[in-house]
Each structure stands twice: as structure tokens, then as C-alpha cells.
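Student: heads up, no residue letters with this:
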């Protein structure tokens, strides 16, 4: 295709010595933790929480609870726009790797987990807000999320993705405080009890344009369900250890970022309505600037508008229509 795009993947180890790069979306969970005086302690504590949770879930042949540890890689995806040589930071995700200390084996985990995108920031924090500024009733712009969805699917189906990763991504997000979730009878040994929402959401619709479907599960000894976005068959396409790597990683970040939901002192019941104003929760010993995160989303959306959406408007529209 004349106006095709190519992708370049960069990997950075996420450990206690991690420093965010200039191109990283600093609203990303892990980048927010890695700044300020407490950055090293924040990262060390978060990684310890992930390892403890992993071993608690992978408890077979693991009597001391120390058999496994998780290594995290930040996967940054740059997009070469219409093969022009101009590069834009398009997507950033986390990749888990599992270390089995009994066998000295390094097991590939899941790619995806945390999901960051400048174009998504633009869609939600610039385009959607501007569209509704002068309207009395909230509405969605035409073709909202189409370009982002096509770019993401183009990346996942690319030779670049397939040469780096064996399986499709799984993205794990918080549940929405705008919806009510009902517990079902379906239960998975690792993912836990399945919940179903009372209605669809804008996030669900947005991720559907990325080719992803969603299911909600509350893992064993968790207090609230997580949203798992995936291609294919979530329950059968991934091993137990792969699923545990995603649960332990993303539940840890959610406990830090959304303690009102994921570090609540009461467990979700059969009918569950998440509440970000819930006072009955515990705080982790990890410093996280949630207010800064929301402000930066707007700044990063405007960055995408200035350096990607506006300069390449014609190219992007032509490419998108060719894929329709």
C-alpha cells in the first residue's frame, strides 16, 4: 500500500533503576512511579508486590512462595509515517517475563498489560472534549476511534509484531465506576469469578475498534474484577503462568492507582458498583500523583494533534479509507 506505515520496537527493562525516556507518555503507570525522591523505593516496592502476588497465585510446587519472579519490559512502538522517515511514538505496552528459580528457566509472559497511546489521549482528551464543549447533551464524534483502532490492528498483524511476540496482546484495565457488574456462575482457576456489566461503555466500544473483546474476572483473593481485553480465546490461548503474570502486574498497578477499588477493605459482592470515592480502603506505601496524570493526558493529546494528527491528516485519511 502506497501510504503504509512501518513499526520499530524498542525495549527497556522496568526495574528499580528505570528512568522514563523523553518519548514515554509520562501518564503511564510505571513512568509516574519512576519520578521524584521516592522513585527507586516506589519501583522496588511495586516489583515486590508483583512477585508476591505471582507466587500466591502460582502456589503449586511452590511451598515457600519464592519460586517465581517477574521481569518487566517496556515495549515502545514508533511508527514511520508513510515511510517518510518521520517517526512518531505510537504505542507503549508492558511485556512480562517469568523467571522459574527452581529450573532456572526464563518463560515468556504476555505482551500488552498496561496500554498507552498518544492517539488515544488525543481522541479522549482533545477531540471528545472539543466536540462536546458547546453541546447540552454528550455525544460521540463521527468515526471516533477509527484511526486508532486501525493503527493498532495494523501493528498487531505486522511482521514486526510477529517477529517479536509469539501471542496476541492482552490488555488489562480497571473496571468503570459508571457501570454495575453482576457476578456469574462461571469460574476459572486462575482468572477467578467472571462478572458481566449492565451496559457497554465508550472504552469497550473504543477497544472493539482495536479488534479487542472484553471479559471481566475477579481473580482469587482479589477484591474487585479486572477488565481483560483480548483477541481470540482468553481462557484457552494462554497458559496459567502467562495469565498470572498479567494479573499480578496489573492488579499491583491498580492497587497503587485505584486503591478505592482494588485495595478496598470489602470484597465485591454479587452486584458490584465500583466507587472512586470509597473511603474504606488501604493505601500502599507507594507515591502516585493521580492529579498530575489527568492533567498530562490533555498535554499529550495536544502533542499528538500537533505532531501527528494535523501534519499527516491527508495521509492518515487516505490510509484509513484504503483499509475500510
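Tutor: Looks like it arrived, so ask away. Keep in mind it's a predicted model, so treat the numbers as computed, not measured.

Student: who touches stretch 47-67?
Tutor: Residues outside stretch 47-67 that contact it (CB atoms under 8 Å, 6 or more residues apart in numbering): 15-16, 68-70, 72, 98, 100-102, 190, 219-221, 240-241, 244-245, 247-249, 251-252, 255, 284. C-beta: built from backbone N, CA, C; applies to glycine.

Student: ugh, wrong one, I meant stretch 187-198
Tutor: With contact meaning CB under 8 Å, 6+ apart, stretch 187-198 is reached by 57, 176, 179-184, 186, 215-220, 222, 225, 228, 234-235, 240, 243-244, 247, 268, 272.

Student: tell me the first helix or strand C-terminal of the host helix or strand of residue 49.
Tutor: Assigned by DSSP states H and E, residue 49 belongs to helix 39-57. As assigned by DSSP H and E, the chain's next helix or strand after helix 39-57 is strand 68-80.

Student: please spell out the PyMOL selection for the buried subset of the contacts of stretch 187-198.
Tutor: Of the contacts of stretch 187-198, the buried ones go into a single PyMOL selection, burial set by 16 or more other CB atoms under 10 Å:
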select buried, resi 57+176+179+181+183+215+216+217+218+219+222+225+228+234+235+243+244+247+268+272
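
Student: among the contacts of stretch 187-198, which are in helices?
Tutor: 57, 234, 235, 240, 243, 244, 247 (DSSP state H).

Student: can you tell me which of these is nearest residue 206?
Tutor: For the ones in helices among the contacts of stretch 187-198, the residue nearest residue 206 by CB to CB is residue 234; the value is 18.6 Å.

Student: quick check: the closest one touching residue 216?
Tutor: No - when contacts are counted by CB atoms under 8 Å, residue 234 is not listed as touching residue 216 (10.9 Å).

Student: and for the two, which residues touch both?
Tutor: Residues within reach of residue 234 and of residue 216 at once, by CB under 8 Å, 6+ apart, are residue 228.

Student: all strands of the stretch 1-150 of the chain, in order?
Tutor: 6-14, 68-80, 87-100, 105-117 (DSSP state E, counting those that start in this stretch).

Student: so which of these gets nearest residue 152?
Tutor: The minimum distance between residue 152 and those falls on strand 87-100, with 6.9 Å, by CB to CB.

Student: so what does that closest one touch, helix or strand wise?
Tutor: On a contact count with 3 or more CB pairs under 8 Å, 6 or more residues apart in numbering; DSSP states H and E, strand 87-100 meets strand 6-14, strand 68-80, strand 105-117, helix 118-122, helix 146-156, helix 240-257.

Student: now with 6 Å, please.
Tutor: For strand 87-100, the elements it packs on are strand 68-80, strand 105-117, helix 240-257, judged by 3 or more CB pairs under 6 Å, 6 or more residues apart in numbering; DSSP states H and E.

Student: centre-most residue in this protein?
Tutor: residue 114 (2.5 Å; CA atoms, centre = their mean).

Student: which residue packs closest to that residue, ignoring adjacent ones?
Tutor: residue 94 (4.5 Å; CB to CB, 6 or more residues apart in numbering).

Student: likewise residue 88?
Tutor: Residue 88's closest residue in space is residue 308 (CB to CB, 6+ apart), at 4.9 Å.

Student: doesn't the one you found fall inside a strand?
Tutor: No - according to DSSP: H, G, I helix; E, B strand; the rest coil, residue 308 belongs to no strand; its state is helix.

Student: what's the burial count for it?
Tutor: Applying other CB atoms under 10 Å, we find 21 other residues in the vicinity of residue 308.

Student: same question, residue 315
Tutor: Neighbours of residue 315 (other CB under 10 Å): 15.

Student: that one against residue 80, yeah?
Tutor: No - assessed by CB atoms under 6 Å, residue 315 is found out of contact with residue 80, at 11.7 Å.

Student: and the gap between residue 174 and residue 258?
Tutor: 5 Å (CB to CB, to the nearest Å).

Student: can you tell me the closest non-neighbouring residue to residue 79?
Tutor: In space, and not counting its chain neighbours, residue 79 is closest to residue 90: 4.2 Å by CB to CB, 6+ apart.

Student: make that residue 120, sorry
Tutor: According to CB to CB, 6+ apart, the nearest residue to residue 120 is residue 148 (5.8 Å).

Student: surely the one you found touches residue 119?
Tutor: Yes - using CB under 6 Å, residue 148 makes contact with residue 119 at a distance of 4.6 Å.

Student: which residue, other than its chain neighbours, is closest to residue 307?
Tutor: Nearest residue to residue 307 in three dimensions, chain neighbours excluded: residue 88, at 6.4 Å (CB to CB, 6+ apart).

Student: so what's that neighbour bridging to?
Tutor: Beta-bridge partners for residue 88, by DSSP bridges, are residue 79.

Student: thank you, goodbye.
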